[in-house]
Every structure is written in C-alpha cells, then in structure tokens.
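Asker: I'll drop the sequence and a predicted model, then ask my questions.
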Amino acid sequence: MAVNVNSGIILTTVEEVLSWGRRNSLWPVSIGLACCAIEMMHTAASRFDTDRLGIIFRGSPRQSDVLIVAGTVVNKVAPMLKLIYEQMPDPKWVISMGGCSSGGGPFPTYSTLQGVDRIIPVDVYIPGCPPTPQALLWGIMELQKKIKAKKEGKELKEIPIKIPAESKPISK
Ligand code: SF4
C-alpha cells in the first residue's frame, strides 16, 4: 500500500483491502463446550472487550468466519460441531482453545475426541488449561498474522504445541 499523506492519495489493491477488512473484523460464532468457554466469555466481556478490536461474537454460524473450539469435544457433540463448521461461509478459520480441544486434555478416554483437528482443520492452537483471555487474544492476533501472510503468498510457520503423551489416542 502506498500512502501520500500530503496529497491525500492512497494507492492499494482490492486484494489488500479485502485482507485488511477480513483480519480486522473477525466474527466468531457463539459456541462454548466446557470450562474454556468461560474464559472465552471473559475475553468478550467488558474487561478485555473484544468488540473494540472488531471481534464480535455472532449467534449464527452463517454470519461467522471464526470457530473458537473452547472446551472438551466429546464424541457425542463432535458431529454437531462439524455441522456448525460446515454452515459457516468461506473464508473461515478455526482456533483450538486449550488442551482439551487440541489433544483431549486431561481426558484420554474412549468418549472424548483426542483433538478437534481429527474432524475439522485448525489454524491456531492455544495451549493452556484453561488459556487466559490474554492467551486467546494472542491466538486471535496469530490468526490475523496468518490471514495477512496468506494474502502476501507466504505460509506462516506452524505454531508448535506440545501435547502430553497421555493425551495420545488410545489404541484398541
Ligand atoms: S482445557 Fe482445561 S479448562 Fe479447557 S475445557 Fe479442558 S479441562 Fe476445561
């Protein structure tokens, strides 16, 4: 983007404007699965106030472009979560918030999905049990960087996450 302040002229491209608009108006769908969702609600409430950053929670997946998987994904809820993801229009992104959604967390059991990336693609993993609102904001900013990098034709390096050995899938 070229800006000439003195003449009041800005030169840019449609792609640049679209990317800028997308990354600065992320609208997550309002869904929480377990205790991590309390921290997500905290992030949206008055103290951290995500609205001021253009991050506005929506009540319908059809109006949302971000799915924050906040909580334990049990096998029973997994199909509903996948359906919500599929109802979101493109382009869309997924943030895995906390140990449970990233790898089963403290529940290495038959009834818990050992990582939401087994059913939907994940863009950013946020470690923690639960991650703090600051950590969630960090994850959202990483997603913004990823959206910007993709627009520039670069792929952001994978954000590493250490999944404890006991969270690995149980072999039958
Ligand atoms: S990661 Fe921890 S805080 Fe988050 S849903 Fe799992 S048990 Fe609850």
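Answerer: Structure received. Bear in mind that the values here come from a model prediction, so they are computed numbers and not experimental data. Residues are numbered from 1 along each chain as shown.

Asker: Compute the first-to-last residue distance for stretch 51-65.
Answerer: When the termini of stretch 51-65 are compared using CA to CA, to the nearest Å, they are 15 Å apart.

Asker: Stretch 69-76 now?
Answerer: 15 Å.

Asker: Alpha carbons of the lengthiest helix in the chain, as CSV, please.
Answerer: Criterion DSSP state H: the longest helix present in the chain is helix 133-151. Taking Å, rounded to 0.1, in the frame of the first residue of the first chain, the C-alpha atoms of helix 133-151 are listed here in CSV:
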residue,chain,number,x,y,z
PRO,A,133,-8.1,-14.2,27.9
GLN,A,134,-4.7,-12.8,27.1
ALA,A,135,-3.8,-16.1,25.5
LEU,A,136,-7.0,-16.1,23.5
LEU,A,137,-6.2,-12.6,22.3
TRP,A,138,-2.7,-13.8,21.4
GLY,A,139,-4.3,-16.6,19.4
ILE,A,140,-6.6,-14.2,17.5
MET,A,141,-3.6,-12.0,16.7
GLU,A,142,-1.7,-15.0,15.4
LEU,A,143,-4.7,-15.8,13.2
GLN,A,144,-4.7,-12.2,11.9
LYS,A,145,-1.0,-12.6,11.0
LYS,A,146,-1.8,-15.9,9.2
ILE,A,147,-4.5,-14.2,7.2
LYS,A,148,-2.2,-11.4,6.3
ALA,A,149,0.7,-13.8,5.4
LYS,A,150,-1.6,-15.8,3.2
LYS,A,151,-2.6,-12.7,1.3
